[in-house]
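S.K.: how would this look folded up:
(one chain, ligands or ions: 1)
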Amino acid sequence: MEEQDTIVQQTYPMPASSTTTTTTTTTEQLLDNGQGVIDPEVYFNMNKPPANLGEFEEKLTAFVNHHQKLDNRVVFITSGGTTVPLENQTVRFIDNFSNGTRGATSAEYFLEAGYAVVFMHREFSLKPYHRHYTHNPTQDFLDYLVPKEDGSVSVDPKYASEMHKILIKYHQAKESNRLLLLDFVTLSDYLFKLHSGSRILARLQQKAIYYLAAAVSDFFIPKQKLSEHKIQSRDGAMTLTLDQVPKFLKPLVSLWASNGLIVSFKLETDVNLLVPKARRALEQYGHQVVIGNMLTTRKQTVTMIMKDKERVLSLTPEELSKNIEIESKIIPDLVNIHDHWIETGVTA
Ligand code: PAZ
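M.R.: Numbers count the residues shown, from 1 in each chain. You can find the predicted model right below:
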């Protein structure tokens with residue numbers, strides 16, 4: 001309560017593009033229904049878009065146009081964690097655990113299922129196909145390679161056959177122009193690109209899936225409250241007050257992503273909260289699927305939650321021992337849901 005009182009007393013300069021004649025407005029005027037959360041549209045008016053937003057939109061528009069002509073299904077995957085800068089000239093930022101395994105792995109299974117994939121990921125997080133070599137905890141990338149006397153480099157024969165299979169799939173995806181990689185770093189990049197990207201995909205109507213696997217911060221420091229320069233330690237202990245991030249799922253469902261199948265994720269550490277919170281999100285935002293997962297078991301089990309039903313997808317101990325990935329169950333399940341969505345406008 002105390003925090004909220006402090007926020008409400010804050011004044012913000014209006015954005016340069018604003019047509020209003022006043023120069024400042026109170027946060028109270030910007031809050032969504034008095035719940036202490038800034039409306040997403042206000043957020044976009046008050047923050048500067050990422051410098052490469054134009055390039056992002058150009059690439060995405062060309063990709064979507066191409067697949068629309070071919071009548072292909074397209075999935076827009078978000079993957080990895082967002083950063084929350086503590087300074088405008090950013091030295092420090094808040095981050096989270098996500099390294100993009102869910103998103104990158106899911107992208108491969110969607111490609112196998114015939115989808116074109118827009119993979120919007122945190123810069124330097126896991127990417128489809130590359131992930132098998134770049135982020136392997138037991139083996140560094142250069143250890144797959146062998147230097148030859150003639151100055152060339154080859155793949156160590158013990159890895160060649162597996163690498164060959166992955167390379168074939170990777171080249172197929174690239175040559176058929178079915179994989180578009182786009183990136184983000186900060187929460188602000190993410191929100192601008194989600195906003196813009198979902199509106200570009202909206203022309204695909206039911207043919208699009210929005211698969212929101214990124215771990216997006218719930219809290220941030222508004223630009224107007226950010227220190228311009230590196231925060232100095234001579235001032236002693238630091239106290240941070242973070243505002244709540246705008247609830248972007250609501251406009252995504254009702255305004256931006258017209259008729260697409262929207263799949264969000266819910267991550268919890270307290271198992272008792274998982275399904276109730278996922279259900280609350282479905283009711284609040286009115287989208288089609290929430291995939292619930294627990295921090296420690298997210299690679300073995302998920303719960304698919306829809307309006308009138310839910311089911312648990314899990315790997316058996318035997319499947320785990322064979323390194324089967326849970327995404328090999330999630331994606332076929334979603335493809336069924338999507339088939340049904342396209343045919344009937346409701347989830348299976
Ligand atoms: O990136 P990763 O594979 O390590 O983790 C995936 C995940 C847990 C971030 C994802 O499955 C998820 O739940 N994303 C949404 C998190 C949330 O904002 O609740």
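S.K.: so where does E343 fall, helix or strand?
M.R.: Counting by DSSP states H and E, the element that carries E343 is helix 327-344.
S.K.: give me the buried positions along that helix.
M.R.: Within helix 327-344, the residues that count as buried by 16 or more other C-beta atoms under 10 Å are E327, S328, K329, I330, I331, D333, L334, V335, I337, H338, W341. Glycine gets a C-beta too; all of them are placed from N, C-alpha and C.
S.K.: outside of that helix itself, which residues are in contact with it?
M.R.: With C-beta atoms under 8 Å, 6 or more residues apart in numbering as the test, helix 327-344 has contacts from 73, 102, 105-106, 108-110, 112-113, 206-207, 209, 211, 261, 263, 288-289, 291, 302, 304, 306, 311, 313, 315, 346-348.
S.K.: and the ligand, is it touching that?
M.R.: No - counting by C-beta under 6 Å from any ligand atom, the ligand has no neighbours in helix 327-344; the shortest distance is 9.5 Å.
S.K.: pLDDT averaged over that helix - what is it?
M.R.: Averaging pLDDT along helix 327-344 yields 97.
S.K.: could you do stretch 218-235 as well?
M.R.: For stretch 218-235, mean pLDDT rounds to 93.
S.K.: just stretch 283-297 next, same as before
M.R.: Averaging pLDDT along stretch 283-297 yields 97.
S.K.: end to end, how far does that stretch reach?
M.R.: 25 Å (C-alpha to C-alpha, to the nearest Å).
S.K.: please enumerate the helices of the stretch 201-348 of the chain.
M.R.: 249-251, 271-285, 317-321, 327-344 (DSSP state H, counting those that start in this stretch).
S.K.: can you tell me the SS state at G54?
M.R.: helix (DSSP: H, G, I helix; E, B strand; the rest coil).
S.K.: got the contact list for it?
M.R.: By C-beta under 8 Å, 6+ apart, G54 has no neighbours at all.
S.K.: mind checking how far it is from M120?
M.R.: Counting by C-beta to C-beta, to the nearest Å, the separation of G54 from M120 is 16 Å.
S.K.: circling back: now the helix holding E343, how far from the centre of its chain.
M.R.: Its chain's C-alpha centre and that of helix 327-344 lie 19 Å apart, by C-alpha atoms, centre = their mean, to the nearest Å.
S.K.: what about R311, neighbour count?
M.R.: 10 (other C-beta atoms under 10 Å).
S.K.: same question, the one 3 residues further on
M.R.: Residues lying near S314 (other C-beta under 10 Å) number 13.
S.K.: bridging residues for it?
M.R.: For S314, the beta-bridge partners are T301 (DSSP bridges).
S.K.: torsion angles phi and psi at A160?
M.R.: In terms of degrees, to the nearest 10, the main-chain angles of A160 are phi -60, psi -40.
S.K.: got the residues of the stretch 1-150 of the chain near the ligand?
M.R.: Taking C-beta under 6 Å from any ligand atom as the contact definition, the stretch 1-150 of the chain meets the ligand at S98, N99, G100, T101, R102.
S.K.: now the residues you listed as a markdown table including neighbour count?
M.R.: Shown next, in a markdown table, are these (neighbours: other C-beta atoms under 10 Å):
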| residue | neighbour count |
| --- | --- |
| S98 | 21 |
| N99 | 18 |
| G100 | 27 |
| T101 | 19 |
| R102 | 28 |
